[in-house]
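Q: I need the structure of the sequence given here:
(one chain, ligands or ions: 1)
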Amino acid sequence: MSDMAVVVDDLVKRYGELVAVDGLSLEVASGEILGLLGPNGSGKTTAINCILQLLTYNRGEIRVFGEPMSATAYELKRRIGVVPQEVAVFEELTVRENIDAFCALYVSDRARRRELVQEAIDFVDLGRFARFRPKKLSGGLLRRLNIACGIVHRPDLIILDEPTVAVDPQSRSAILDGIKHLNTRGATIVYTSHYMEEVEQLCTRIIIMDRGRQIAGGTASELKAMIGTGERIRVEVVSPAELGERELEQVRRAEHVRTVTYEPPELVVECAPGAHNLADVLAALAAVDVTCGRVTSEPPTLNDVFLEITGRALRDEAA
Ligand SMILES: Nc1ncnc2c1ncn2[C@@H]1O[C@H](COP(=O)(O)OP(=O)(O)OP(=O)(O)O)[C@@H](O)[C@H]1O
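A: Now for the predicted structure:
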């Protein structure tokens, strides 16, 4: 099983009465970018902290690169880089000194460390800020510093816990590109997020978590193929001013139509997978003399997958 970077078997972590991780099993293959996707509170951070042995747990086995993980497995820990959810850097040190301090935990040779620190600074593009202290950095730059501190020792496995929360779009896209680059350079990546778009863009495989459990896993396309929705068609109704039951019923009767919702002027039709859904829906509308304006057809999202399995949305609008 040496091609597995991480194997978690039946992990349980309780906080008093609350079961934060509830029999979680998962595998991370060497070389992949695994996304752990789940709403806030689904147990992602707790699972990660158990894997890293930062928390004790009630049950379960964890192996990293084929070896049992334990609090004192220092050789294994050296091969892991962690980018925690909360930015954790030293306020009194500059950017360069911070990265060096983290590097020094694993690399004692000063010349080698200088090279690695410079490489990490270049990697997150913080060269212009190398002599700044953290309090002078914006949120996005702080996140980049946090990443540099986690990856400076060139770990084989990199675990990033929601590294783009509260980050501007430009820094976010730089961070995602950087993670892809680390992966091409050979690192296995575990990436937790509640942003489904990010996970879909970045990850080669995705595990969806809810209430401390894995509820589904696969590539984004495999996950979407698991559910009944093939596409969501949105139609702006131009005339008549308001659709009646006759027109709505006509659409419902079209082949593959699963649900029809109408909030004037928009009609939303969810269809099961089919080759001519859009044409069928438009033909149904034309048959009852409905004139359409803008029409769009979208494939299902990972939120649809989550919704279909749990009955709830992956995240509320404010998240
Ligand atoms: N130290 C703690 N004591 C008690 N309960 C906790 C503690 N840490 C987490 N929890 C609870 O455990 C559950 C899982 O939390 P966890 O932080 O692992 O979820 P998450 O998916 O990482 O969400 P988030 O992205 O918000 O961190 C939540 O119900 C949370 O309130």
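Q: Could I get the buried residue list for the longest helix along the chain?
A: Ranked by residue count, the top helix of the chain under DSSP state H comes out as helix 169-184. Residues of helix 169-184 classed as buried: S171, R172, A174, I175, L176, G178, I179, L182, N183 (neighbour count, 16 or more other Cβ atoms under 10 Å). Bear in mind the C-beta positions are built from the backbone N, C-alpha and C, glycine included.
Q: Turn those into JSON lines, including pLDDT and distance to S138.
A: Supplementary listing: the buried residues of helix 169-184 in JSON lines, determined by pLDDT from 0 to 100; distance: Cβ to Cβ, whole Å:
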{"residue": "S171", "pLDDT": "82", "distance to S138": "8"}
{"residue": "R172", "pLDDT": "87", "distance to S138": "13"}
{"residue": "A174", "pLDDT": "86", "distance to S138": "13"}
{"residue": "I175", "pLDDT": "87", "distance to S138": "13"}
{"residue": "L176", "pLDDT": "91", "distance to S138": "18"}
{"residue": "G178", "pLDDT": "90", "distance to S138": "17"}
{"residue": "I179", "pLDDT": "93", "distance to S138": "20"}
{"residue": "L182", "pLDDT": "93", "distance to S138": "22"}
{"residue": "N183", "pLDDT": "96", "distance to S138": "26"}
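Q: Using a markdown table, lay out these together with distance to D122.
A: Shown next, in a markdown table, are the buried residues of helix 169-184 (distance: Cβ to Cβ, whole Å):
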| residue | distance to D122 |
| --- | --- |
| S171 | 16 |
| R172 | 19 |
| A174 | 13 |
| I175 | 15 |
| L176 | 18 |
| G178 | 11 |
| I179 | 16 |
| L182 | 13 |
| N183 | 18 |
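Q: Quickly name whichever of these is closest to V235.
A: Using Cβ to Cβ, the shortest approach to V235 within these belongs to R172, at 32.6 Å.
Q: Name the nearest residue to the closest one, ignoring sequence neighbours.
A: Among residues not flanking R172 along the chain, T164 sits closest, at 4.7 Å (Cβ to Cβ, 6 or more residues apart in numbering).
Q: my guess is D125 meets I147, correct?
A: No. Checked against Cβ atoms under 8 Å, the pair D125 and I147 is beyond contact range at 10.8 Å.
Q: Those two: who's more crowded?
A: A side-by-side neighbour count of D125 and I147, using other Cβ atoms under 10 Å, places I147 first with 25 against 14.
Q: now that one, what's its secondary structure?
A: Taking DSSP: H, G, I helix; E, B strand; the rest coil as the rule, one finds I147 in the helix state.
Q: Tell me how far it lies from the ligand.
A: Distance, I147 to the ligand, by Cβ to the nearest ligand atom, to the nearest Å: 18 Å.
Q: wait, that residue sits on G81?
A: No. Contact between I147 and G81 fails when scored by Cβ under 8 Å: they sit 9.1 Å apart.
Q: Kindly report the residues of this structure close to the ligand.
A: 15, 18, 20, 38, 40-46, 162, 194 (Cβ under 6 Å from any ligand atom).
Q: mind listing which of these are in strands?
A: Among the residues of the chain next to the ligand, the members found in strands (DSSP state E) are Y15, L18, A20.
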